[in-house]
Each structure stands twice: as structure tokens, then as C-alpha cells.
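**Q** Could you work out the structure for the sequence below:
(chains A and B)
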Number of protein chains: 2
Amino acid sequence: MISWFGRHGDGAEFPRARGRASAALPIDRVSIEALRPEPIAVLGQAAYLQLALFEALGRAASASSALPAKAALSASAGLVLAKHRALSDELRRRGADPATAMAPHRLATDAFIEKVAGADWYEALTSIYLTTGLLDDFFARLASGIPDTGERVAAIISGDNGMAAIVDLLSEGIAATPTLASRLAVWGRRLVGDTLLLARSALPAGPAPKERRIEPILTELMAEHTRRMDRLGLTA
Amino acid sequence: MISWFGRHGDGAEFPRARGRASAALPIDRVSIEALRPEPIAVLGQAAYLQLALFEALGRAASASSALPAKAALSASAGLVLAKHRALSDELRRRGADPATAMAPHRLATDAFIEKVAGADWYEALTSIYLTTGLLDDFFARLASGIPDTGERVAAIISGDNGMAAIVDLLSEGIAATPTLASRLAVWGRRLVGDTLLLARSALPAGPAPKERRIEPILTELMAEHTRRMDRLGLTA
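**A** Here you go, the predicted structure:
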């Protein structure tokens, strides 16, 4: 079991979650609520993350040589942008200015996006697919613990993020260039550590009792990550 | 009067349209219909143009240091993307594949976007504002001549293109740095020639009688361009 608080938090080596009994655990809502997510902080970080993912998708669309890929990635960018806007609206409903709420999360998010940018278009797409998936999962769970509006915010975050189009593009690439699979598998494993660290930054610094509440969530996140890797025929 | 077909078509020197009696002319629908716009060609070029403008807006959003500007430009990008998608839907309704219909227009559009990219963020925003305005005006008029669906397509193209946010950002910049105004005024004048050439490329190569039908449209486009320059306090 990996600790988010211990030395293994860099996630450089990651055990496979597949096949664990806990992979099928339902969301532990009691655990999440006990973490007492601070609404403005969670909404601000999630809103900025969607904005940064939108930009990454825009760059991938711009870099696409094939027009169908460009159009598909742009469509995905539109879906991610819609989530950013819906989260900004949630901030406004709470009387918060979205830009002010997003600002504290900018530096870390930008650094993360740069770190997982990848060496080429396929690595960039793999990053977007895997990190968007994991972080949407994570923030949806975390947001569900927000009092009153938690369900609604979680629904926004887990809405369609356009990743099906990316799976198609990656699958085509892997089918055409079989050596791509092993490179992307390595890349996919490397991403996880940084992605989990970003998620971790959304949680209050933890005394040991909190860690116990987070572990089941982490297990679920990893199981979902493994399923995403499987979908591309990659070994997590 | 500028000719789209003659030697002055490069628009390097552009007379001011402001104050002409013809600036208030209504759209000359009979003229447009007589041009017999080819639906798939017009839809394909307009759809790719919106996609390229979406990408330009995405780059401007990415390059924004201030978060409110980043969020505002991303929102504008979303509006432009929605137009691209609606035009793609119109192509599908006519049994055309959007990527195939857009492909012939890619090279010229990309070259245009690169030519008007500008030397910095403010020039890039000025380009987006002025060229989007002029080309939306133009393609809406041209599309209105498409049989049956012309009105609907024109309504898509003249829908909200998010340029109000850009006017705000440019106005703030000009207010803070007065020397910016003269630089952007020069840049705005330089843009017009290339923008009109791109519009011109959507029309069938013209014998003289067609030119007469186009001239009133050109006059209207220039009057609107002047009004957009005015909105920034720039002299067209």
C-alpha cells in the first residue's frame, strides 16, 4: 500500500492495483466528508486544472497534422472548457471570484502540466488521457464531500471529458507503430507519481488518522488508472 | 473604391470607409445569391476558419499572464469552437465529412493565421479581434446566399464570437500604455489586406460583372472594420 504522506509518495515505483479486492470498493463518502474539503479551495483548484487541461488539449489539437484528429481534440477541449466554466459558475454562486480562487493553484498546476507534457504528440496525448482521468476521478470524489453542493460539483467534474476521442487516436497510433506501446507504457507509469502528488496537494496536510481515510480512495484511483492503461493495451 | 480583383487587392494602402454614404447599406442579398456560393466549399472554409481562430485564441489564452485574461480568452475560444462545431454539423447534414470539406482550405487559412500572428500578445489579440470580425461578417453574408439553409448558417456564423472580452483586454492595455495605440493602429491597417484576400479566396474567380456585385459588400465590410477600430480608439 502506498502512502501519500510517506517517502513513497513520489510514486516512482507503483504496484499494480489490478486484481485487488478493494478495486471494486464504492466511494467512501464518510471518509471524504471527514477530510472536510474547503469548498473554495477545491473548486478553485479543480477549475484551474480544467483550464490547464483545456490549454494542453488546445496545444495537442494545434500540433495535429491530421484534420480529423485536430477536430476531435478541439471537441474534447470544448468539453473540458465547459467543465472549467461550470466550476467557475459554482465559485461565483458562493460569492468567490474565479480568478482569485484559481490563483493559488496556478504555479503548482502549471509546473505539473509542464512536467507531464511529454516528448512528442503521443506522449502528450497519453498524459492528457491518464492525468485527466485520474484527476477527474480524484476531484469528483473530493468535491462530493463539499456540504450542500457536493453532488452537483462532483457531477460537473465527472462529466464527459472527451477522453474517448483520445483513446481512439492513441489506439490508432499504437496499431500503426507497435513499438509505441512499450514507450507509452513506460511514460504512463512515470506520470502517475506526479499526478498523485498534485492530487495530494488538494488535501490538508495529514496526520496519520487522515491517511487511513485516504488510502481506500487511492486504491480506487489506481484501479481506474490501470483500467485506463488496459484500454490502450498497456501494462500498468 | 477598392477592387478585389485588381492590383489594389493586396490592401497595403487602405482608404477610410468611415463617412461614406454606402457604409449604411443593407446586405445586398440579391447580389450574394447571384454569386451562387457553393455550400460545401463555403461551409468547409468557414468551419476550418473557426477552428483556426479557436486555436489562435487558445494560444493567446495560454500566453496570458493574468488569470482573468486567460479565463476570458478561453471563454471566447469556447464560443468560437461552438461555431466550428455547428458548421461541422451543417456539413454532416448535407452528407459531407467535415474533415474532407475543410481540407482544401487548410493551407491558405494556416498561412493567413501565421501571417497575422503578430509580434506580441497585444498584436495577436488585435489580429484575432479584427480578422474574426471581418471574416465573420463576410462569411455570414456569403453563407446567407446558400439555398434553403442560408439563413441558419448565417446565424451560426454571426453568433457571439466572444470579441467583447478582447475589446476589454485591448482597451485596458491601451489605457495603461498609450504608445500601444499607434502601434496597434498600424498593425490593424496592415491586417486588412491579407484578411480581404482570404475572404476573396472564398469567391469564384471573377469576371467583371461579378465584381460589381461584390463591391457593395466590400464597402460594408470596411465600414464595420472601421467601427471595430473606432471601438479601440484607433484610426482606421
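
**Q** C-alpha only now, for contacts and for neighbours.
**A** Fine.

**Q** Show me what from chain A comes close to chain B.
**A** A:51, A:55, A:58-59, A:61-62, A:67-68, A:71, A:74-75, A:78, A:81-82, A:85, A:99, A:103 (CA under 8 Å from any CA of the partner chain).

**Q** what number of residues lie near A:Ala176?
**A** A:Ala176 has 10 neighbouring residues, counting by other CA atoms under 10 Å in any protein chain shown.

**Q** for A:Arg231, that is, sorry about that
**A** So A:Arg231, with other CA under 10 Å, has 13 neighbours.

**Q** A:Met163 too?
**A** 21.

**Q** From what I see, it and A:Ser127 are in contact.
**A** No. With contacts counted by CA atoms under 8 Å, A:Met163 stays clear of A:Ser127, the gap being 11.1 Å.

**Q** Look up the pLDDT of the residue most central in space within chain A for me, please.
**A** The C-alpha lying nearest the average C-alpha coordinate of chain A belongs to A:Leu135 (CA atoms, centre = their mean; 2.0 Å). Listed pLDDT for A:Leu135 reads 97.

**Q** mind listing what's buried in the helix or strand harbouring it?
**A** Using DSSP states H and E, A:Leu135 falls within helix A:121-143. Buried residues in helix A:121-143, counting neighbours by 16 or more other CA atoms under 10 Å in any protein chain shown, are found at A:121-143.

**Q** Stretch A:164-173 now?
**A** For stretch A:164-173, burial by neighbour count (16+ other CA under 10 Å) applies to A:165-167, A:169-171.

**Q** Can you name the residues that contact A:Ala140?
**A** Applying CA atoms under 8 Å, 6 or more residues apart in numbering or on different chains to A:Ala140 gives the contacts A:153-155, A:157-158.

**Q** One more: A:Asp168?
**A** By CA under 8 Å, 6+ apart, the contact set of A:Asp168 is empty.

**Q** what about it, which helix or strand?
**A** helix A:163-176.

**Q** tell me the contacts of the spatially closest residue to A:Leu125 that is not a sequence neighbour?
**A** Leaving aside its sequence neighbours, A:Leu125 sits nearest to A:Ile166 (CA to CA, 6 or more residues apart in numbering or on different chains; 6.6 Å). Neighbour list for A:Ile166: A:73, A:125, A:129 [criterion: CA under 8 Å, 6+ apart].

**Q** how about a cut-off of 10 Å?
**A** Residues in contact with A:Ile166 (CA atoms under 10 Å, 6 or more residues apart in numbering or on different chains) are A:57, A:69, A:72-73, A:76, A:122, A:125-126, A:128-129, A:172.

**Q** re earlier: drop anything exposed from the residues of chain A next to chain B.
**A** Among the residues of chain A next to chain B, those scoring as buried are A:51, A:55, A:58-59, A:61-62, A:67-68, A:71, A:74-75, A:78, A:81-82, A:85, A:99 (criterion: 16+ other CA under 10 Å).

**Q** Ramachandran angles for A:Val186?
**A** Note on A:Val186: its backbone torsions stand at phi -60, psi -50 [degrees, to the nearest 10].

**Q** Run a quick check on it versus A:Thr235, I expect a contact.
**A** Yes. Counting by CA atoms under 10 Å, A:Val186 does reach A:Thr235; the two are 8.8 Å apart.

**Q** out of these two, which sits in the busier spot?
**A** It is A:Thr235, of A:Val186 and A:Thr235, that has more neighbours when counted by other CA under 10 Å, with 18 against 13.

**Q** for the more buried one, phi and psi?
**A** According to degrees, to the nearest 10, A:Thr235 has phi -90, psi 120.

**Q** Quick one: residues contacting it.
**A** Shown in contact with A:Thr235 (CA under 10 Å, 6+ apart): A:16, A:181-182, A:184-186, A:188-189, A:226-229.

**Q** farthest pair in those residues?
**A** Spanning the widest gap among these are A:Arg16 and A:Ala181, at 17.8 Å by CA to CA.

**Q** When these two are compared, which one has more neighbours?
**A** For A:Arg16 versus A:Ala181, neighbours defined as other CA under 10 Å are more numerous around A:Ala181 (19 against 14).

**Q** buried set for the helix or strand hosting that one?
**A** Here A:Ala181, judged by DSSP H and E, is contained in helix A:179-200. The neighbour-count check on helix A:179-200 (16+ other CA under 10 Å) flags A:181, A:184-185, A:187-200 as buried.
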